[in-house]
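K.L.:
need coordinates for the below:
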Amino acid sequence: MEIKNKEHYNVYDLVEVVKILRSPDGCPWDKVQTHQTIRNDFIEEVYEAAEAIDNDDTEHLREELGDVLLQVVFHSVIETEQGRFDLDDVADEVCRKMILRHPHVFGEVKADTTEEVLKNWDKIKMDTKSQTKPSEAMESVSKTLPSLMRSQKLQKKASRAGFDYADIDAVFDDVGRNLETLRNNVRYKESSEYEKNLGRLLFSLAAASRFLNINSEQSLYYACDDFIKQFQVLETQAAQKGIDIQDLDAQTSDRLWNEISKKEKTGGTKNEQS
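P.N.:
Residues are numbered from 1 along each chain as shown. You can find the predicted model right below:
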C-alpha cells in the first residue's frame, strides 16, 4: 500500500489508515469494532494523556495525544460508514462552536476577565441548547465524569445562578454537620443512610475545595500518591523491625503511620530516603 511508504503523515492519512483497517481485507479486530466496544478505550487514552501532562512529559504527551486523536478518527470513520458525518463535519461543528462562544474575540462583546468570559460562555451555551433554567444546564453536565469533578461543575453553575455558600466558614459548618450526621448513622447502625450521607459529606468537601481554588479530583489524586509513598515507608520500617506488615496489629500500625506522617511533614522521611 502506498500509504505505508510516506515520509510524513497528517490527520487525513490517519483517516485513510483507519478506513483500510476497517475494510473487508483489513484487520479482523478493527473492522468489527463499534462505538460501544471502544468506548472505554477512549476514556483510557484520555487518562493516559492526562498522566503525561501531570508528569510534564512532552514526548509521552505527543504519543498519548496521538492515541486520543486515533479514537476521534475511529469514531468519525464509523459514522462516515453509516453516511451520517465525517471528520470534517466534526471540525466544522467545533470551529463554529468556538467562534460563537468567543464573541469577545470574534465579535463586539467585551469581556476583560476570566469570570466575564465564563459567564458569557454559560449564557451562550444555555441559549444554543434552548436551556431556560440553571437546573437544565446542570442536567447537561455529563454523568460519566468522575463524581468529584462533576460535583464541582454543578456547584459552579449553581454559584453563577446566585446560589452558593456565604463563605468558606459556612462550607466548613456544612462539612461538620454532614460528618456528624454520618457518625450518628454509624452510631445507631442506620446502614440504609450511609451511602446518601457519605455522598453529602463528599459533596460539601468538594465545595470546600472550590472555595479554596483547589481541584478536588486532583487533590485526591495527589493524596493517593502520597498514601502509596507513606505505605512503602511503613513496609520498610516494619521490615527493619523484623515485622511482616501483614502481621501488624492496629495499634502498632497506627503508631508507625503517625511517626511517618510527622517525619513527612518535617521533611524527615524525604531526608531518610535520599
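
K.L.:
show me what the helix or strand harbouring Lys125 is packed up against.
P.N.:
Lys125 is part of helix 114-128 when elements are defined by DSSP states H and E. Packed against helix 114-128, as judged by 3 or more Cβ pairs under 8 Å, 6 or more residues apart in numbering; DSSP states H and E, are the following elements: helix 103-106, helix 134-139, helix 147-160. Every residue, glycine included, has its C-beta placed from N, CA and C.

K.L.:
please redo it, this time with the cut-off set to 7 Å
P.N.:
helix 103-106 (3 or more Cβ pairs under 7 Å, 6 or more residues apart in numbering; DSSP states H and E).

K.L.:
which of the residues in the helix holding Lys125 are buried?
P.N.:
Val117, Asn120, Asp122, Ile124, Met126 (16 or more other Cβ atoms under 10 Å).

K.L.:
what about it, average pLDDT?
P.N.:
Taken as a whole, helix 114-128 has an average pLDDT of 89.

K.L.:
what does it contact?
P.N.:
By Cβ atoms under 7 Å, 6 or more residues apart in numbering, the surrounding residues in contact with helix 114-128 are Leu100, Arg101, Pro103, His104, Val109, Ala111, Ala137, Arg160.

K.L.:
of all the buried residues of helix 114-128, which two lie farthest apart?
P.N.:
Using Cβ to Cβ, the pair of these lying farthest apart is Val117 and Met126, separated by 15.1 Å.

K.L.:
how far away from the center of its chain is the helix or strand hosting Glu79?
P.N.:
Remark: Glu79 resides in helix 58-81, with elements defined by DSSP H and E. A distance of 18 Å separates the C-alpha centroid of helix 58-81 from that of its chain, computed with Cα atoms, centre = their mean, to the nearest Å.

K.L.:
repeat that for stretch 253-265.
P.N.:
Remark: stretch 253-265 is offset 30 Å from the chain centroid, using Cα atoms, centre = their mean.

K.L.:
low pLDDT regions in this protein?
P.N.:
Filtered on pLDDT under 70, the chain yields the residue ranges 1, 267-274.

K.L.:
show me the helices in it, by range?
P.N.:
Assigned helices in the chain, in chain order: 11-21, 39-54, 58-81, 87-100, 103-106, 114-128, 134-139, 147-160, 168-187, 194-211, 216-240, 250-266, 268-273 (criterion: DSSP state H).

K.L.:
tell me which residues of the fifth one come out buried.
P.N.:
This points to helix 103-106. Within helix 103-106, the residues that qualify as buried are Pro103, counting by 16+ other Cβ under 10 Å.

K.L.:
so what secondary structure elements neighbour that helix?
P.N.:
Right, helix 103-106 is packed against helix 114-128 by 3+ Cβ pairs under 7 Å, 6+ apart.

K.L.:
give me the distance between the helix it packs on and the centre of its chain.
P.N.:
22 Å.

K.L.:
residues touching Leu148, list them.
P.N.:
Under the criterion of Cβ under 7 Å, 6+ apart, the contact list for Leu148 reads Ala206, Ser216, Glu217, Leu220.
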